[in-house]
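>>> Starting from these lines, generate the structure:
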Amino acid sequence: MTTKTKKAKASGRFGPRYGKTVRARLNKVEEKQRKKQVCPLCKKPGVKRLSKGIWKCSKCNKKFASNVYHLGE
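Sure thing, here's the model as predicted:
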């Protein structure tokens, strides 16, 4: 598997394919989705994305559904 570059970040895995704009947009979405989100139940940062729209809080151990890429405010 290829490694990511500093400039291209996570979209570096695609190399020169798909164009700069598409890869920049992908970086923005992936950065947001991989950050630890604030739990709507216990209000502490610790929610991680398990799969599409499924989230789990590591602090209160609750699993819930919300938006696909990041928790809605």
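
>>> which residues of the protein fall in helices?
20-34 (DSSP state H).

>>> Test for you: state the pLDDT assigned to Thr3.
At Thr3, the model reports a pLDDT of 66.

>>> Need the outlier residue of this protein, farthest from its centre.
Pro16 (22.4 Å; Cα atoms, centre = their mean).

>>> separation between that residue and Ala8?
Per Cβ to Cβ, to the nearest Å, Pro16 is found 10 Å from Ala8. C-beta coordinates here come from the backbone N, C-alpha and C atoms, glycine included.

>>> in stretch 47-67, what counts as buried?
Counting neighbours by 16 or more other Cβ atoms under 10 Å, one finds that the buried residues in stretch 47-67 are Val47, Arg49, Trp55, Cys57.

>>> Give me the neighbour count for the closest residue to the first one other than its chain neighbours.
Here the nearest residue to Val47 in space, its sequence neighbours aside, is Gln37; by Cβ to Cβ, 6 or more residues apart in numbering that works out to 4.2 Å. Around Gln37 sit 21 other residues, with neighbours defined as other Cβ atoms under 10 Å.

>>> does Gln37 really touch Pro45, like I thought?
Yes: Gln37 lies in contact with Pro45 (Cβ atoms under 8 Å); the separation is 7.0 Å.

>>> which one is Glu30 nearest to, not counting chain neighbours?
Ala10 (5.0 Å).

>>> per-residue confidence at that neighbour?
pLDDT, read off for Ala10, is 84.

>>> shift numbering so it begins at 198
Okay, residue one is now 198; in that scheme the one you just asked about reads as Ala207.

>>> and the gap between it and Gln230?
The gap separating Ala207 from Gln230 is 10 Å, by Cβ to Cβ.

>>> again, but for Phe211
Counting by Cβ to Cβ, the gap from Phe211 to Gln230 is 17 Å.

>>> Ok, Gly209 next?
Distance from Gly209 to Gln230, by Cβ to Cβ: 17 Å.

>>> mind listing what the residue lying closest to Cys239 once chain neighbours are set aside touches?
Leaving aside its sequence neighbours, Cys239 sits nearest to Cys257 (Cβ to Cβ, 6+ apart; 4.2 Å). Going by Cβ atoms under 8 Å, 6 or more residues apart in numbering, Cys257 touches Cys236, Leu238, Cys239, Lys241.
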